[in-house]
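# Any chance you can model this:
(one chain, ligands or ions: 3)
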Amino acid sequence: MRYAEVSVNSPIAQRRTFSYAIPPGLSIDVGQAVWVPFGAKLLQGIVLELSQYPAVEETREIAGVIESTPVLSPSRVLLARWLSEHYLSPLFDAVALMLPPGFRRKVVTFISSPITPPEYDTSSLTREQRQVLDLVGKQGTVSLRELEKALGKKKAQAIVSQLVVLGLVVRHYELERVKVKPKKVRYLHLKIGAGEAQQEAARRREQGKASRQASLLEFLSQAAGPVPVSEARRRAGGSASVIDALVGKGLVELQEIEVKREPISYQGITPSKPLTLTSAQKSAFESIRSSLLQIDKGHPSPTVFLLHGVTGSGKTEVYLQALAEVVKLGKRGIVLVPEIALTPQTIDRFASRFPNKVAVLHSKLSLGEQFDEWQRIRNGEVDVVIGPRSAVFAPQPDLGLIVIDEEQEWTYKQHDKSPRYHARDAAVKLAELTGAVVILGSATPDVETFYHAQRGDYHLLRLPERITPSEGSPLPQVEVVDLRDELKAGNRSLFSRSLSRATAKALANREQVILFLNRRGAATFVQCRRCGLVLRCRRCEVTLNYHADEDVLVCHQCNYRMLVPQICPRCLSRRIKFLGVGTQKLEQEAGYAFPQAGLLRWDSDITKRGKHSHEEILNRFQAHEADILIGTQMIAKGLDLPLVTLVGVISADTSLNLPDFRAGERTFQLLSQVAGRAGRGTLGGQVIIQTYSPEHYAIQAAAKHDYTLFYDQEIAYRRQLHNPPFTRLVSLVYSHTNDALCQREAERMKRLLIEERDSRGIADLSLIGPAPAFIHRLRGRFRWQLILRGSEPAAFVSQIPIPPGWTVDVAPVGL
Ligand code: ADP
Ligand code: ZN
Ligand code: ZN
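Ligands and ions are numbered 1, 2, ... in the order given. This next block holds a predicted model:
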């Protein structure tokens, strides 16, 4: 008899596997999906290990296989185990990350005749029992659902059970089918000839109006056939109103065409050739190539590279050429990008270098699309998989390279559901298991990543300069404006004198301006508008958060509380209670200050509404439909806007005052990214950062584009305050609809943890809190947080039963 250790899809399975006997005649492999009896139910499970002996005395048998080929490769099985242990998550949650999309579907029960039906006198059956038996006899297989419809749920189940006991029918189970709708795409096509369309376009241009209609007509006249509306939007700025106008005039027509579900349209993508690398790129590339070759020959070599270079320094070209090298070796790659960067422009760059060999995995694809892409990847049909963090779990065979672009991004950490993994750490682990190489790319590396590079755990590669089309446009000039001086000079608007002047000048030159407002955490801290003082916790150094409902300041680490003082303790001003501004307020003020300018607001409230509105806003700004773009951190990410010559940061202090030890890092990253937005074109650019803390090292370093300046200071503080990477953190959050109960439970847990810690004699483990979590109330539930800090906090927590209601986050980002 052989046995299988199975990860079972049940909440009570937690982090363990269960032993099952493999019935004779059934061939079972590691990674295979099976049905197993679990209590009274039949559940999905994945075989993680085969053995000669069961882990327990009494075992039940595997009931059947779901799919004959394994769904997980042996390295993914090990990865799943690692994820579960490292992030203290249920094992099946970890396994599920790697299953085909839609795999955790419902089970459908079918009834059919046994292979050798017993002799039985059916006249002793009831009328309904006989009816069911006849139906099964006639159809061969009947779904239980069908019987439930006809007879009612209870009765159908009872009858089937009776017939099963008598041996007259057998049950078997299948996964519900993936519901796949055919996909239809709206196409635009000309109703007039191409020549005629060009004449129409020329006529419009002569009249000096409707130039966007002209562009669209020209674009369509050059296309070989009908063009998808989305492409017309993207390439010719054809907004809905422009299209409507042309349709109304009978010049173009909209058609719905059913298409094969493929997330990338290769139509209109011209294959691109590798560029001749600059010397910096070449030396980075050669290091990576040499590792790839060494590893391929089975020699030890560095496996994790940190490619540090500002935006525009040519990192992507290095990724592309490293991927081509991997393909040459008969292997494949995975490229992770932050969710926000997964734009058609990014995908196009990879698709044009590897035509028809790129797959995209994305939560916005329909389930059917995801399913098709997954299959294509598993069959080894693509060279490169691109996607957000979850794409690290794509079933890419013969993995040779994993690229993580903008590795510092917080979106790589899954924080809202289990397993709370970080894609970077998962990638490094997967690379170790598969013999792949990892490239972490960043302009502003995560402090912990850079620390690893400094220590030699990772291999550091640098691209020190931007590659620019002309000799001009180096990194933009950054000016830091001290807001305290503005108030002294009697300026009470949101715009410093310097920012007002620069904006007016840019507008006069018909250039574009971005006004950036970091809203995360805004209006939660209290600041003196005269001297800029922000109230901090005396014990923890972090900013106190303002709770409007109780009108108090709270420390989110230790629960220290104080009333908002009437006057500023530093400068005695009465203007202490300044709560910051939101994008709407900023839009309003910008409207007064620059009445002739066209304004466009872009924040998550607006872009959440639709799946394309994000791109539409960007397209409109790119088409110069507006002069000033107002937005939150989203605008900081990879956009190319050559007409933007000025970026104004309304207040750098909002992120600086997050109640989190990473506030300085966050600020530096954001400001650096924002600064990278200006001067992408040949016009050059300027950045103005407004702040009450002009001397802060994160702001100073960002203004000088100096990562090392920032890092050296930051790492010194981390060491001094015992924060990661010198310690590790685990956060425990309890949530409940009753705030007081929540606090009591958190305090009880703290006592329990302290008791455990002391009885085990663990010296280097401290508990911080309990305190209300940064987001104290979420969907009607209150949240209290405990933070464990030490050298191995996760190992400690793993040995303690955590009651329901608690969420455990290992190595949390954003406290
Ligand atoms: P990053 O990924 O660091 O932002 P990119 O790879 O996107 O940088 O490069 C910035 C720009 O420079 C792109 O337009 C790219 O096509 C161009 N570029 C990159 N490498 C080269 C090269 N070796 N020669 C010429 N142009 C290059
Ligand atoms: Zn003050
Ligand atoms: Zn505190």
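# Would you point out which residue is most central in this structure?
In the chain, the C-alpha nearest the mean C-alpha coordinate belongs to Thr411, at 4.0 Å (C-alpha atoms, centre = their mean).
# Now do the SS call for it.
Using DSSP: H, G, I helix; E, B strand; the rest coil, the structure places Thr411 in helix.
# separation between it and ligand 3?
Distance of Thr411 to ligand 3, given as C-beta to the ion, to the nearest Å: 28 Å. The C-beta positions use only the backbone N, C-alpha and C, and glycine is treated the same way.
# so that residue sits right up against Leu336, yeah?
No: contact criterion C-beta atoms under 8 Å: Thr411 and Leu336 do not qualify, at 9.8 Å.
# Please enumerate the shared neighbours of these two.
388-389 (C-beta atoms under 8 Å, 6 or more residues apart in numbering).
# shaky segments in the stretch 251-400 of the chain?
258-268, 340-341 (pLDDT under 70).
# ok and the residue in it nearest ligand 2?
Val310 (36.2 Å; C-beta to the ion).
# Give the phi and psi angles for that residue, as a check.
The phi and psi values for Val310, taken as degrees, to the nearest 10, are phi -60, psi 160.
# Based on its surroundings, how many neighbours for it?
20 (other C-beta atoms under 10 Å).
# now it, nearest residue through space, not along the chain?
Sequence neighbours aside, Ala443 is the residue nearest to Val310 in space, at 4.7 Å (criterion: C-beta to C-beta, 6 or more residues apart in numbering).
# Show the contacting residues for that neighbour.
Residues near Ala443 by C-beta under 8 Å, 6+ apart: 308-311, 313, 406, 672-673, 676, 707.
# near ligand 1 too, which of the residues you listed?
Among these, proximity to ligand 1 is found for 309, 311, 313 (C-beta under 6 Å from any ligand atom).
# what ranges do the strands span in the stretch 701-815 of the chain?
Along the stretch 701-815 of the chain, counting by DSSP state E, counting those that start in this stretch, strands occupy 728-736, 765-778, 781-790, 806-810.
# Compare these and give me the one nearest ligand 3.
Between the strands of the stretch 701-815 of the chain, strand 765-778 lies closest to ligand 3; by C-beta to the ion that is 7.3 Å.
# Which secondary structure elements does the closest one sit against?
On a contact count with 3 or more C-beta pairs under 8 Å, 6 or more residues apart in numbering; DSSP states H and E, strand 765-778 meets helix 739-760, strand 781-790.
# So which bits of the stretch 351-500 of the chain are right by ligand 1?
Residues of the stretch 351-500 of the chain lying near ligand 1 (C-beta under 6 Å from any ligand atom): Ile467.
# so which residue of the stretch 351-500 of the chain comes closest to ligand 2?
Closest point on the stretch 351-500 of the chain to ligand 2, by C-beta to the ion, is Arg484, at 8.7 Å.
# Please state the offset of stretch 141-156 from the chain centre?
When distances are taken as C-alpha atoms, centre = their mean, to the nearest Å, stretch 141-156 is centred 42 Å away from the chain's centroid.
# An error on my part: the question was meant for stretch 18-35.
So, by C-alpha atoms, centre = their mean, the centroid of stretch 18-35 is 35 Å from its chain's centroid.
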